[in-house]
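Asker: Here is my input; please provide its structure:
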Amino acid sequence: MDPTAHPLHLRRPGDETPRIIAAADVNPDTMLVFDVRREADFNASDEAIPGALWKNPDRIDAWIGAVPLTMELIVYCVHGGAVSLQTVDRLRAIGAKARYIEGGLEAWKAAGGRPARKYPIRSS
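Answerer: Numbers count the residues shown, from 1 in each chain. As a prediction, the model looks like this:
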């Protein structure tokens with residue numbers, strides 16, 4: 001397939017990090033994982049990838065400056081759609097080695113991932 005047909009899957013010049021990681025390739029024990037589900041989606045669920053840090057995608061400007069640029073960073077939302085894509089684009093724009101889980105949390109669970117129990121956050 002012509003890679004120009006799907007520009008969301010292209011790499012920036014000089015960037016060797018793909019934008020997508022297959023759900024089966026995610027190892028939360030060795031990767032920094034950000035849960036970027038919107039607050040309502042995060043609170044509606046009692047599951048998360050073990051060790052994942054919740055980062056509100058609607059407040060990315062408040063936390064993006066603290067993101068480590070030298071570590072591989074994996075982000076996920078519910079289904080690996082617009083929220084993950086937009087977050088990865090912002091992270092990669094500042095030089096982060098960010099990828100999103102293709103299919104999101106649901107694909108990770110379907111690939112055998114064992115979610116941890118989590119609790120809702122309280123809005124400030």
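
Asker: Need the residue closest to the centroid of this protein.
Answerer: The residue lying closest to the centre of the chain (C-alpha atoms, centre = their mean) is residue 75, at 1.1 Å.

Asker: Return the list of strands paired to the helix or strand containing that residue, each annotated with direction.
Answerer: Assigned by DSSP states H and E, residue 75 belongs to strand 72-76. Strand 72-76 pairs in its sheet with strand 32-35 (parallel), strand 97-101 (parallel), by DSSP bridges.

Asker: and stretch 106-118, what's its mean pLDDT?
Answerer: Across stretch 106-118, pLDDT averages out at 95.

Asker: ends of stretch 41-52, how far apart?
Answerer: 15 Å (C-alpha to C-alpha, to the nearest Å).

Asker: mean confidence for it?
Answerer: pLDDT averaged over stretch 41-52 gives 96.

Asker: can you list the residues that contact that stretch?
Answerer: 26, 28-29, 33-35, 37, 54, 76-78, 105, 108-109, 113-121 (C-beta atoms under 8 Å, 6 or more residues apart in numbering). (Each C-beta comes from the backbone N, C-alpha and C, glycine too.)

Asker: got it, and stretch 24-33?
Answerer: For stretch 24-33, using C-beta under 8 Å, 6+ apart, the contacting residues are 49-53, 68, 71-76, 101, 108, 111-113.

Asker: same thing with stretch 53-72?
Answerer: By C-beta under 8 Å, 6+ apart, stretch 53-72 touches 17, 31-39, 42, 48, 73, 75, 77, 83, 86-87, 90-91, 94-97, 99, 121.

Asker: Buried ones only from the contacts of stretch 41-52, please, as a ChimeraX command.
Answerer: In ChimeraX syntax, the buried subset of the contacts of stretch 41-52 is picked out as below (16 or more other C-beta atoms under 10 Å):
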select :26,28,33,34,35,37,76,77,78,105,108,113,115,118
